[in-house]
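A.B. asks: what's the 3D shape of this:
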Amino acid sequence: MSKHVLPTTVFCVLLLFAANAWTLDLEDGRYEITSTVKMEGVPMQPPPTTITECLTKQDPVPNQQADGGKCKITNMKTTGDTVTWEMECNQQGQQMKSKGQMAYRGKHFEGTVHTQMGPQAGNMKMTTTIKGKRIGDCQ
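C.D. replies: Residues are numbered from 1 along each chain as shown. Below is the predicted model of the structure:
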């Protein structure tokens, strides 16, 4: 029986290390998030915007600007330190669909969101570049 203790212990330690490696490299907290939007076919682009939002490993996608809950995040997947997702919004009859990807590095993250507005907005396409840095704990 004692010759099974060492292999079992080694297996358990390796399993703990592997489980830790599978978690998203995001430190829960309050983040300063800067977004830069580029709209296809529009000569004047809006200036970058900065917001603060609390993010966690369970809720890592910045979405505070997603029209007060009228947007729904779907198909969220985590692979290593990268999260991908899709988002659908219906804002006063206007449809909007987005696909995003964010890479997390502890207290920093960056990524891109590609958005297509519905026919009411001329099927406009936008690309948003997002960068975030942790500025403290959530309140």
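A.B. asks: Put the alpha carbons of stretch 47-57 into CSV.
C.D. replies: Extracted in CSV, the C-alpha atoms of stretch 47-57 (Å, rounded to 0.1, in the frame of the first residue of the first chain):
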residue,chain,number,x,y,z
PRO,A,47,-12.2,60.2,-29.6
PRO,A,48,-11.2,57.3,-27.3
THR,A,49,-13.4,56.9,-24.2
THR,A,50,-12.3,55.7,-20.8
ILE,A,51,-14.6,54.1,-18.2
THR,A,52,-14.0,52.2,-14.9
GLU,A,53,-15.6,48.8,-14.3
CYS,A,54,-15.2,45.9,-12.0
LEU,A,55,-14.1,42.7,-13.7
THR,A,56,-13.7,39.2,-12.3
LYS,A,57,-12.6,35.8,-13.6
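A.B. asks: contacting residues for residue 70?
C.D. replies: Counting by CB atoms under 8 Å, 6 or more residues apart in numbering, residue 70 touches 89, 90, 91. Bear in mind the C-beta positions are built from the backbone N, C-alpha and C, glycine included.
A.B. asks: Could you pull out the strands in this structure for me?
C.D. replies: 29-39, 49-55, 71-79, 82-91, 94-105, 108-117, 125-136 (DSSP state E).
A.B. asks: Mean neighbour count added to those strands, as JSON lines?
C.D. replies: Compiled in JSON lines, the strands of the chain are given as follows (neighbours: other CB atoms under 10 Å):
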{"stretch": "strand 29-39", "mean neighbour count": "16"}
{"stretch": "strand 49-55", "mean neighbour count": "15"}
{"stretch": "strand 71-79", "mean neighbour count": "12"}
{"stretch": "strand 82-91", "mean neighbour count": "16"}
{"stretch": "strand 94-105", "mean neighbour count": "17"}
{"stretch": "strand 108-117", "mean neighbour count": "17"}
{"stretch": "strand 125-136", "mean neighbour count": "16"}
